[in-house]
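Colleague: Prediction below, plus the sequence it came from.
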Amino acid sequence: MKHLVLGGVRSGKSQFAERWIAEQRKQIVYIATSQVWDGSMAERIAKHQSYRPDHWHTIEEPITLADTLKKVASEQPESGVIVECCSLWLTNLLCAENEAQLTQEREQFLAVLENYPLPVILVSAEVGLGIMPINALARRYGDEIGVLNQRMAQICDQVTLVTAGLPMTLKATQGK
Amino acid sequence: MKHLVLGGVRSGKSQFAERWIAEQRKQIVYIATSQVWDGSMAERIAKHQSYRPDHWHTIEEPITLADTLKKVASEQPESGVIVECCSLWLTNLLCAENEAQLTQEREQFLAVLENYPLPVILVSAEVGLGIMPINALARRYGDEIGVLNQRMAQICDQVTLVTAGLPMTLKATQGK
Amino acid sequence: MKHLVLGGVRSGKSQFAERWIAEQRKQIVYIATSQVWDGSMAERIAKHQSYRPDHWHTIEEPITLADTLKKVASEQPESGVIVECCSLWLTNLLCAENEAQLTQEREQFLAVLENYPLPVILVSAEVGLGIMPINALARRYGDEIGVLNQRMAQICDQVTLVTAGLPMTLKATQGK
């Protein structure tokens, strides 16, 4: 079962995803893509961590998401996986300013996702429903995350949009 | 019955809320949280007022929402109440730059809401689905309103998201 | 049948609309409202065109949408019509800085839409769910598009919100 969870800032998407994956498996691998840029980010990360059970296995990986997912599938085949979050991972790739790497990592990730053997939930931001900023990087980000969300949604069995902590099912198919 | 109505700018959330509360009770108390900052705000407020029936009782209260709600419940127990809107009230609290007051007013409001005896509908803005501005106050606002919307949604019996004037039900439980 | 499709940036709203209209009629008139402002816009337009069947009839019309719709109805009465997109058309009108023209074109368009005899699908951006920029033109745009979307939604038989390529039905009535 592959599940994509979309939501805005402080929408409750992370808590929703964490509850869902905890219902799928006992052992959970939490792939954290965030990089600590500043104090406000550090505080946000610490807050997120405090919600998670201590026995969850956290892997911090800002860039090579496909490789990390493959490694988890081969080394911890009894686990469920949560990726938190795809939009930060994409931001890391955009900020690295290496187009070849961006394309390669994105395509590898989508290829691994297509046949991923473990239950996995992907958290991603929905940012396309406001007025686009004039800043070129922000527009690029808006375009890239919009397309990535569409492609993940096509691959996933289930897609949920979370608003004010409440889920709306956008896609629900019989998964494995 | 406690109802939270979320929506974006010019989504039709106010008109939806006003129609809903008018179906609950004959006497309506309209709690307006907006402060007139400039001409464009004055115009917007006047437009909103022109939609409302003349016999509605309007109370303007930008800050002490909990106290106002309590007063209405004790003095006008046959009324329905509409709060328009929670996001402006939060903006007023943030602009006052008094953290202790912000925390106290917010917690008092949520405590009063929990056991509120009258039918009440709360209008609030959903602003988390666009790219966050870099401006620190805007980010703070985005975080605070996101969390407030989640907490109100947990307490309310019904939650509706309005887009282009059309309601989507996010939560519907048997209320009193 | 009149159908309004709303969605954010890169939400998949255009592809959804193009698939839908292709199911209604064999002959399709594609009304493109975009003006080529810069290279990035030219690239985006070329990408959109590459998705469309070659036999579709494209009309480029950035301003006089009502007249174009009337002409299509009288000259190609067997066609289905797609308008891509209403939000760019409104941007063109706002950028022309002619308030009388804006009002006239908008009201004429809505009047023509009300009784439009051909199957038509209107693509429009939903931009009201983020934090509003402080820029006055952006705020004006947010207000105008919000109201236009509400008015189109009232007239249309069907309204769909597309997120990550997935449709949510906001309105579905028996159309002709």
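Modeller: Everything's here; your move.
Colleague: For the one helix or strand in chain A whose mean pLDDT sits lowest, which residues meet the burial criterion?
Modeller: Across the helices and strands of chain A, mean pLDDT, DSSP states H and E gives its lowest value to helix A:39-50, namely a mean of 73. Of the residues in helix A:39-50, those scored as buried under the neighbour-count criterion (16 or more other CB atoms under 10 Å in any protein chain shown) are A:H48. To be clear about C-beta, it is placed using only N, CA and C from the backbone, and glycine gets the same treatment.
Colleague: can you give me how far that helix is from the chain middle?
Modeller: For helix A:39-50, the gap between its own C-alpha mean and the chain's C-alpha mean amounts to 17 Å (CA atoms, centre = their mean, to the nearest Å).
Colleague: Residues contacting it, please?
Modeller: A:S14, A:A32, A:S34, A:Q35, A:V36, A:T58, A:E84 (CB atoms under 8 Å, 6 or more residues apart in numbering or on different chains).
Colleague: so what pLDDT did A:T103 get?
Modeller: A:T103 carries a pLDDT value of 97.
Colleague: Roughly how far does the closest residue in space to A:A66 that isn't next to it in sequence sit from A:L93?
Modeller: When the adjacent residues along the chain are set aside, A:A66 lies closest to A:Q108, with 3.7 Å between them (CB to CB, 6 or more residues apart in numbering or on different chains). Distance, A:Q108 to A:L93, using CB to CB, to the nearest Å: 12 Å.
Colleague: Look at those two and report which has more neighbours.
Modeller: For A:Q108 and A:L93, the more surrounded residue by other CB atoms under 10 Å in any protein chain shown is A:L93, and the numbers stand at 23 against 16.
Colleague: neighbours around the residue in chain A that chain B sits nearest to, how many?
Modeller: Going by CB to the nearest CB, chain B is nearest to A:G130 of chain A, at 1.7 Å. Counted with other CB under 10 Å, the burial measure for A:G130 works out to 29 neighbours.
Colleague: That one is in contact with C:G130, isn't it?
Modeller: Yes. Here A:G130 lies in contact with C:G130, judged by CB atoms under 8 Å, at a distance of 1.7 Å.
Colleague: got the phi/psi numbers for A:F109?
Modeller: phi -60, psi -50 (degrees, to the nearest 10).
Colleague: burial measure for it, as a count.
Modeller: When neighbours are defined as other CB under 10 Å, A:F109 has 25 of them.
Colleague: how close does it sit to C:A17?
Modeller: For A:F109, the distance to C:A17 under the criterion CB to CB works out to 29 Å.
Colleague: try A:A66
Modeller: Computed with CB to CB, the distance linking A:A66 and C:A17 is 33 Å.
Colleague: re earlier: what's the following helix or strand after the least confident helix or strand of chain A?
Modeller: Next in sequence after helix A:39-50, counting helices and strands by DSSP states H and E, comes strand A:57-60.
Colleague: Next SSE downstream of that following strand?
Modeller: In the C-terminal direction, the helix or strand that comes right after strand A:57-60 (DSSP H and E) is helix A:65-75.
Colleague: partners of whatever helix or strand comes next after that next one in the sheet?
Modeller: For helix A:65-75, the succeeding helix or strand toward the C-terminus, using DSSP H and E, is strand A:80-84. With DSSP bridges as the criterion, the sheet partners recorded for strand A:80-84 are strand A:28-32 (parallel), strand A:120-125 (parallel).
Colleague: I'd like a version of the ones you listed in a markdown table, one that adds mean neighbour count, mean pLDDT and distance to C:M41 as further columns.
Modeller: As requested, the strands paired with strand A:80-84 are exported to a markdown table (neighbours: other CB atoms under 10 Å in any protein chain shown; pLDDT from 0 to 100; distance: least, CB to CB, whole Å):
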| stretch | mean neighbour count | mean pLDDT | distance to C:M41 |
| --- | --- | --- | --- |
| strand A:28-32 | 22 | 96 | 37 |
| strand A:120-125 | 25 | 98 | 25 |
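Colleague: Near chain C, which residues of chain A are found?
Modeller: By the rule CB under 8 Å from any CB of the partner chain, the part of chain A lying against chain C is A:4, A:6, A:8, A:126-133, A:142-143, A:145-147, A:149-150, A:152-154, A:159, A:161, A:168, A:170-171.
Colleague: coming back round to it: how about the strands paired with strand A:80-84 in a markdown table, adding distance to B:Q24?
Modeller: Supplementary listing: the strands paired with strand A:80-84 in a markdown table, determined by distance: least, CB to CB, whole Å:
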| stretch | distance to B:Q24 |
| --- | --- |
| strand A:28-32 | 44 |
| strand A:120-125 | 36 |
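Colleague: mind checking the longest helix of chain A?
Modeller: Identified as the longest helix of chain A according to DSSP state H is helix A:136-155.
Colleague: Which strands or helices does it pack on?
Modeller: Helices and strands touching helix A:136-155, by 3 or more CB pairs under 8 Å, 6 or more residues apart in numbering or on different chains; DSSP states H and E, are strand A:2-7, helix A:86-95, helix A:99-114, strand A:120-125.
Colleague: Could I get the average pLDDT for it?
Modeller: Along helix A:136-155, the predicted local confidence has a mean pLDDT of 96.
Colleague: between that helix and helix A:86-95, how many degrees?
Modeller: Following axes from the mean of the first three to the mean of the last three CA atoms, to 10 degrees, one obtains 130 degrees for the angle between helix A:136-155 and helix A:86-95.
Colleague: Cheers, nothing more for now.
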